[in-house]
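K.L.:
Would you be able to build a 3D model of this:
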Amino acid sequence: MGISNCFCLIGLVDLATLGSTSSSFIVITGKSPVKRSQARWWETKLSLKGFLVKRYLYTVLASAVLVGITYFLPYGTWAELNGLPAHPLIVHSVVVLLPIVAIFLLVSLYKKELIRRYHLYLVGILGLVTIGVIAAKSSGDSLSAAVGLPKLHAEWGNNLVPLAMALFVAFSALAFFSVYKKIAVISKVMTFVVGLLSVASLGMTYVVGHSGAESVWKNKYQESKKAITTESRLISREEVRLHNVSTDCWTIVGKGVYDVTSFVERHPAGSPAIKEMCGKNASEDYLSEHSGQAEPEKWLSTLKIGDLRD
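P.N.:
Residues are numbered from 1 along each chain as shown. Prediction:
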């Protein structure tokens, strides 16, 4: 039996020839030191790869479980926060985070290195965003019970839930087949799917946010831009002086007379600036702050009730 075919050969070697008077047993294996080193390297690499795969799968599974739990939470779970409707806070978080994540995903599809480096974080973030979308829908349902259902906004909001879920699942698959088990065909298909869902998420988020803003603000905003009167008359300075309190506040700017009572609490810089104008000619104060500014002129024009009598 040759040495090269021997798995283990034990020999007694006199170490005197190596400069020692002692003897020892040594083990000679059939593998050379270089091959043993390569084997250990491959074992370490495979062990590390297995750990990374498990860590990724655990992250996906944990995120999916949290999404599932959130989806099946009882009605009203997200209704209030400190006695106030939770929907505005939650929905504003969603309409900011989801587009940011979608844009980053689109960039990462072009620069695949970003997927390799940040896929684990993106899976977790997508899970949280999906939870936020579900919570936004649930809190919206609760709010509609109190203030009424904005039908269009609710319909678009309902569509955003499955879209967010699909994006989470699609990116999880893309990351797995691009980083851990590289299969080119599946990776290309999932790249297309993730790109399509990311673009859809951007569009859907805009529609949801816009329809929500319309349901809350459109009528009120349009009403605030209407003139408080369509008639105009000549008004004396003496009459203006009689309206000199914040609950009945008239003022003079240029040659116009304005009833700014409704604007006292609406003024962006606070009510004191408007209260100082009550019952007097505020032309100098107004023009020093807002001369040539279009928006203040727009709001002031809605408050005009007449012209100053000379």
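
K.L.:
ok, A64 - contacts?
P.N.:
127, 168 (Cβ atoms under 8 Å, 6 or more residues apart in numbering). C-betas here are computed from N, CA, C, even on glycine.

K.L.:
Distance-wise, check it relative to S139.
P.N.:
According to Cβ to Cβ, to the nearest Å, A64 stands 22 Å off from S139.

K.L.:
now R117
P.N.:
Counting by Cβ to Cβ, the gap from R117 to S139 is 34 Å.

K.L.:
residues in contact with the residue nearest the centre of the chain?
P.N.:
Note on the chain: the residue nearest the mean C-alpha position is L97, at 0.9 Å, using Cα atoms, centre = their mean. With contacts defined as Cβ under 8 Å, 6+ apart, L97 is in contact with 125, 128-129, 132.

K.L.:
ok, so what distance separates it from L122?
P.N.:
In terms of Cβ to Cβ, L97 sits 12 Å off from L122.

K.L.:
and I228, that one's in a helix?
P.N.:
No. Counting by DSSP: H, G, I helix; E, B strand; the rest coil, I228 falls outside a helix, being coil.

K.L.:
Return the residues in contact with it.
P.N.:
If you count contacts by Cβ under 8 Å, 6+ apart, then I228 has 259, 262, 302-303, 305 around it.

K.L.:
Can I get those in JSON lines including neighbour count, pLDDT and secondary structure?
P.N.:
Output for those, formatted as JSON lines (neighbours: other Cβ atoms under 10 Å; pLDDT from 0 to 100; DSSP: H, G, I helix; E, B strand; the rest coil):
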{"residue": "D259", "neighbour count": "18", "pLDDT": "95", "secondary structure": "strand"}
{"residue": "S262", "neighbour count": "12", "pLDDT": "92", "secondary structure": "helix"}
{"residue": "T302", "neighbour count": "15", "pLDDT": "93", "secondary structure": "coil"}
{"residue": "L303", "neighbour count": "21", "pLDDT": "94", "secondary structure": "coil"}
{"residue": "I305", "neighbour count": "17", "pLDDT": "95", "secondary structure": "strand"}
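
K.L.:
re the thing from before, quick one: secondary structure of the residue nearest to the centre of the chain?
P.N.:
Quick answer, by three-state DSSP: L97 is helix.

K.L.:
Kindly provide the distance from it to W250.
P.N.:
Counting by Cβ to Cβ, the gap from L97 to W250 is 47 Å.

K.L.:
what's the answer for R266, then?
P.N.:
From R266 to W250 the distance is 16 Å (Cβ to Cβ).

K.L.:
any idea whether Y258 is helix, strand or coil?
P.N.:
Going by three-state DSSP: Y258 is strand.

K.L.:
isn't it right next to C249, touching?
P.N.:
No. Y258 is beyond contact range of C249, at 9.0 Å (criterion: Cβ atoms under 8 Å).

K.L.:
quick one: contacts for Y286?
P.N.:
253, 277, 296, 300.

K.L.:
Show me how far the helix or strand harbouring it is from its chain's centre.
P.N.:
For Y286, the host element (DSSP states H and E) is helix 283-290. Here helix 283-290 is found 41 Å from its chain centre; the criterion is Cα atoms, centre = their mean, to the nearest Å.

K.L.:
same thing with stretch 136-149?
P.N.:
The answer for stretch 136-149 is 20 Å, by Cα atoms, centre = their mean.

K.L.:
Same question for it: list its buried residues.
P.N.:
Buried residues in stretch 136-149, counted by 16 or more other Cβ atoms under 10 Å: 136-143.
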